[in-house]
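A.B. asks: sequence and predicted structure are below.
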Amino acid sequence: MSRINRRFAVTKVTRTDSGFARDTRADTVTVEEPLAIRATGDTLTTTMRTPGHDIELAHGWMFAEGLISSAEDVRSARYCAGAVGPNGENTYNTLDIGLGPAASPAAPQFIRLTTTTSACGVCGTQSIDDIMGKVPAPITPVRLDPDLVMRLPGALATGQKQFRKTGGIHAAGAFTFDGEPVVIREDIGRHNATDKVIGHLLLEGLLPASDLILVVSSRASFELVQKAAMAGFPAMVAVSAASSLAVELARETKMALAGFVRGERFNLYSGELSD
């Protein structure tokens with residue numbers, strides 16, 4: 001059985017001239033399961049994610065939180081052998097991280113106080129001010145090509161294989177300024193998809209992402225802009241709108257931020273366009 005999606009009997013309801021038509025059939029649904037990320041015996045976070053690329057997710061999350069600054073700060077990452085389900089099988093839902101001496105300690109301000117849901121990754125952090133203080137120095141501003149901005153959501157959609165099956169999963173991707181994909185990851189949580197992208201870049205030695213654009217299939221929230229800034233992305237493109245705090249953070253860090261990309265139009269919230 002796939003750990004990424006499952007099949008359920010679903011009744012599809014359609015309005016007709018005479019009332020409502022019902023058709024029950026098997027449908028594919030995106031899997032949502034918890035992943036606990038632990039280090040030195042402490043649970044740093046428990047996030048609701050779609051299984052797959054968990055090592056990248058953990059690396060990306062720890063990097064964005066400021067716990068690690070390089071892949072070398074992680075000595076080991078393995079699933080807990082004691083995390084077993086009712087049938088005695090490993091659930092692969094607990095990841096034990098061995099941190100090197102250069103990694104930041106799991107201070108209270110870094111430890112999530114509640115479960116991170118697939119809808120909101122910031123919900124357990126002690127304060128937004130803690131996150132604001134960790135954003136690095138302003139990045140080198142870039143000018144966005146309007147044609148590129150309009151093409152990127154379609155390029156991201158091309159790599160959304162699970163979305164085509166379920167219609168219920170987000171995606172994030174890192175692209176070159178020529179519009180070529182470097183990595184695309186999917187997850188039921190938009191922040192998890194972004195962490196997986198950042199984790200991949202970290203493990204491949206591609207951070208800071210100063211020559212790449214982050215593209216997300218969702219709105220541009222403060223948390224996603226914060227993650228992009230931590231990873232050094234000079235530009236971010238979101239399919240949907242941006243929040244007020246996301247716009248403020250993008251402008252503060254000199255990140256170009258475009259959103260609400262719909263066909264031949266989009267909103268430029270921060271930065272400038274190329275001639």
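C.D. replies: Now that the structure is in, tell me what you want to look at.
A.B. asks: just the CA trace of stretch 256-266, in CSV.
C.D. replies: This file holds the C-alpha atoms of stretch 256-266, laid out as CSV (Å, rounded to 0.1, in the frame of the first residue of the first chain):
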residue,chain,number,x,y,z
ALA,A,256,11.1,40.0,-4.6
LEU,A,257,7.7,38.6,-3.9
ALA,A,258,5.0,37.9,-6.5
GLY,A,259,1.6,36.3,-5.9
PHE,A,260,-1.9,35.8,-7.2
VAL,A,261,-0.4,34.6,-10.5
ARG,A,262,-3.4,34.0,-12.7
GLY,A,263,-2.7,33.5,-16.4
GLU,A,264,-1.5,36.8,-17.8
ARG,A,265,-1.5,38.8,-14.5
PHE,A,266,0.0,38.8,-11.0
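A.B. asks: give me the contact list for it.
C.D. replies: Here stretch 256-266 makes contact (CB atoms under 8 Å, 6 or more residues apart in numbering) with 141-144, 146, 149-150, 152-153, 219-220, 225, 234-242, 246-247, 250, 267-272. Quick note: C-beta positions are derived from backbone N, CA and C, even for glycine.
A.B. asks: so of those, which ones are in helices?
C.D. replies: Per DSSP state H, helices hold the following members of the contacts of stretch 256-266: P146, V149, M150, L152, P153, V225, A246, V247, A250.
A.B. asks: out of the residues you listed, which are buried?
C.D. replies: When the ones in helices among the contacts of stretch 256-266 are checked for burial by 16 or more other CB atoms under 10 Å, the buried set is V149, M150, L152, P153, V225, A246, V247, A250.
A.B. asks: so the third one sits against E180, correct?
C.D. replies: No: counting by CB atoms under 8 Å, L152 does not reach E180; the two are 10.7 Å apart.
A.B. asks: tell me, what's touching these two both at once?
C.D. replies: With CB under 8 Å, 6+ apart as the test, L152 and E180 reach no residue in common.
A.B. asks: and the contacts of stretch 256-266, which of them are buried?
C.D. replies: 142, 144, 149-150, 152-153, 219-220, 225, 234-240, 242, 246-247, 250, 267, 269-271.
A.B. asks: if we can go back for a sec, got the buried ones among the ones in helices among the contacts of stretch 256-266 as TSV, with distance to L207 columns?
C.D. replies: Below are these laid out as TSV (distance: CB to CB, whole Å):
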residue	distance to L207
V149	23
M150	27
L152	20
P153	24
V225	17
A246	21
V247	24
A250	19
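A.B. asks: now, which of these sits nearest R3?
C.D. replies: The nearest member of these to R3, counting by CB to CB, is P153 at 27.4 Å.
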